[in-house]
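J.: next one to model:
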Amino acid sequence: MEQNLGNTQFFKVAVDNEENAKQVLEVIYEALMERGYNPVNQIVGYIMSGDPTYITSHKGARSLIMKVERDELVEEMLKTYIRYHDWPGSDYD
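T.: Have a look, this model is predicted:
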């Protein structure tokens, strides 16, 4: 199958999932901290590999993170980063 690399693809995550991803990340982060893990390293490991064993089962964090698509987690983190750095033209208030 030949790909057309001349066109830009659009990707949009459903709006109702945005708050869910944010809440899940908050719970996961807290659970990892409580267990003494580096949350950034563990979450990145999960997102890159899809392997849920990067996430502790403490507070149901592992089963919770598997309910959210990895691309939704990445989108939420990127939007937060953009908001924090106040990039011009961003509409993520």
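
J.: where does Thr53 fall, phi/psi-wise?
T.: phi -70, psi -10 (degrees, to the nearest 10).

J.: what about it, neighbour count?
T.: By other CB atoms under 10 Å, the residues close to Thr53 number 11. (C-beta placed from N, C-alpha, C; glycine too.)

J.: what's near enough to touch it?
T.: Applying CB atoms under 8 Å, 6 or more residues apart in numbering to Thr53 gives the contacts Arg62.

J.: longest helix in this structure, please.
T.: In the chain, assigned by DSSP state H, the helix with the most residues is helix 16-34.

J.: quick one: mean pLDDT for the following helix or strand past that helix?
T.: Following helix 16-34 in sequence order, the next helix or strand is helix 39-49 (DSSP states H and E). Mean pLDDT, computed over helix 39-49, is 97.

J.: tell me how far whatever helix or strand comes next after helix 39-49 lies from the chain's centre.
T.: Moving toward the C-terminus from helix 39-49, the first helix or strand encountered (DSSP H and E) is helix 61-65. Mean-position distance between helix 61-65 and its chain equals 12 Å (CA atoms, centre = their mean, to the nearest Å).
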